[in-house]
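In: here's my sequence, what's the structure:
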Amino acid sequence: MRSRGSNRWRFLGQILVCACWSTAAFADPGLPLSPTNIFAPASTPAKSIFDLSLFVLAVTGGIFLVVFSLLLYSVVRFRRRKNDDGWEPPQVYGSNQVELAWTIIPILIVVALFMATARVIAVVQKTSPPSNAIAVTAIGHQFWWEYRYPDLGVVTANELHLPVSDTAHPTPTFIQLLSADTDHSFWVPRLGGKTDLIPNHPNTMWIDPQETGVFLGQCAQYCGTQHAKMLLRVYVQTKAEFDRWIEQQRQPAVTNNAAAQGQKIFETTACINCHTVSGTVANGRFGPDLTHLMSRDTIAAGAAPNTPQNLRLWIRDPNKIKPGSLMPAMELNEPELDALTAYLETLR
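Out: Numbering: from 1, shown residues only. Next up is the predicted model:
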């Protein structure tokens, strides 16, 4: 059995390795870039927060160097010597100059940090949406994300698609944050700071992704048993790719004759109480919209890849993938399970 001390040193070593890796990835562009790397902001709000953190680090680093230098000087200058016979340096009682210095200088530092922080908060929270902004409503559920594009007539889940924002002609995305149940928090480290979703208290944030790719995020507020698996993915695409995605998401569900039995099972069970499939009788709002389910890379809010095997397991017993999930097991027999899975695989 490992001792408590060895576990402590092991834990500190892991932290040091992670810190060194993050710093190395920031310093060397040749290293693989983490999709959650806070040292590589890809949006104006994230860059503002990053620049502020560097400023705070510089100020606190300067304070550390001054204090450490004074401490080192005192240790060396007034160290005990061999020929000391109880001698003490002159004692100073009261100094207006020292007292003014350690009062005024900290006040100036605090004011500077306050002003810099207030400026970043104003940039992040007080920016008004331009006419070409993309509007998205993000709704946090236990334990998944719902995304609605009110101006574009699209509803999806867990995977947020956005157009890249050209710095010459910015196309920002303004997100209204709502909660359907308890507190959640929307956080995509490379795109912006975390913002809470609070029941009955709408919140807003904005991002303007300046490079294409997949950016990973996480609910950053403990919201229940599956908080750790309430993941989110942001797909930043070119304008043409985003327009094609929107057009595809606007289409009703298309199924084939082979999946007719599965559709019948879907429409005659409790599935329709929670899920929507455009063009069918299913119009539930408690669970994700499934109209284009198979166009998503993951299921269960990023907990598993969206494969036929995982989809079948998810229908059979959601707790096998996401313990504590609010989706119930449907208690279907094998032929019904096969038919329902085949039907859902046609929803592209």
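
In: C-alpha only now, for contacts and for neighbours.
Out: Will do.

In: below-threshold pLDDT in the protein: ranges please.
Out: Scanning the chain for pLDDT under 70 picks out 1-34, 86-87, 89, 255, 258.

In: what strand or helix carries residue 335?
Out: In this assignment (DSSP states H and E), residue 335 forms part of helix 334-345.

In: which helices and strands does that helix pack with?
Out: Judged by 3 or more Cα pairs under 8 Å, 6 or more residues apart in numbering; DSSP states H and E, the packing partners of helix 334-345 are helix 260-267, helix 308-316.

In: export these to TSV and tack on distance to residue 239 and mean neighbour count?
Out: Compiled in TSV, those are given as follows (distance: least, Cα to Cα, whole Å; neighbours: other Cα atoms under 10 Å):
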stretch	distance to residue 239	mean neighbour count
helix 260-267	34	18
helix 308-316	30	18
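
In: residue 241 is nearest to which of these?
Out: Residue 241 sits nearest to helix 308-316 of all the helices and strands packed on helix 334-345, at 25.6 Å, using Cα to Cα.

In: before we move on, the earlier item: contacts for the helix holding residue 335, please.
Out: Residues from elsewhere that reach helix 334-345 (Cα atoms under 8 Å, 6 or more residues apart in numbering): 255, 259-263, 265-266, 293-294, 308, 311-312, 315-316.

In: switch the cut-off to 7 Å
Out: Helix 334-345 is contacted by residues 259, 261, 262, 263, 265, 266, 294, 311, 312 when judged by Cα atoms under 7 Å, 6 or more residues apart in numbering.

In: next one: stretch 252-271
Out: 272, 277-279, 281-282, 291-292, 339-340, 342-343, 346-347.

In: what of stretch 224-240?
Out: With Cα under 7 Å, 6+ apart as the test, stretch 224-240 has contacts from 143-144, 158-164, 209, 212-219, 301-303, 324-325.

In: just the buried residues from the residues you listed, in ChimeraX please.
Out: Command for ChimeraX that selects the buried part of these, burial taken from 16 or more other Cα atoms under 10 Å:
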select :143,144,158,159,160,161,162,163,164,209,212,214,215,216,217,218,219,301,302,303,324,325
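
In: sitting in strands, which of the contacts of stretch 224-240 do you find?
Out: Residues of the contacts of stretch 224-240 located in strands (DSSP state E): 144, 159-163, 213-219.

In: picking up where we left off before, so for residue 102, which of the helices and strands packed on helix 334-345 sits nearest?
Out: Minimum separation from residue 102 across the helices and strands packed on helix 334-345 (Cα to Cα) falls at helix 308-316, 62.2 Å.
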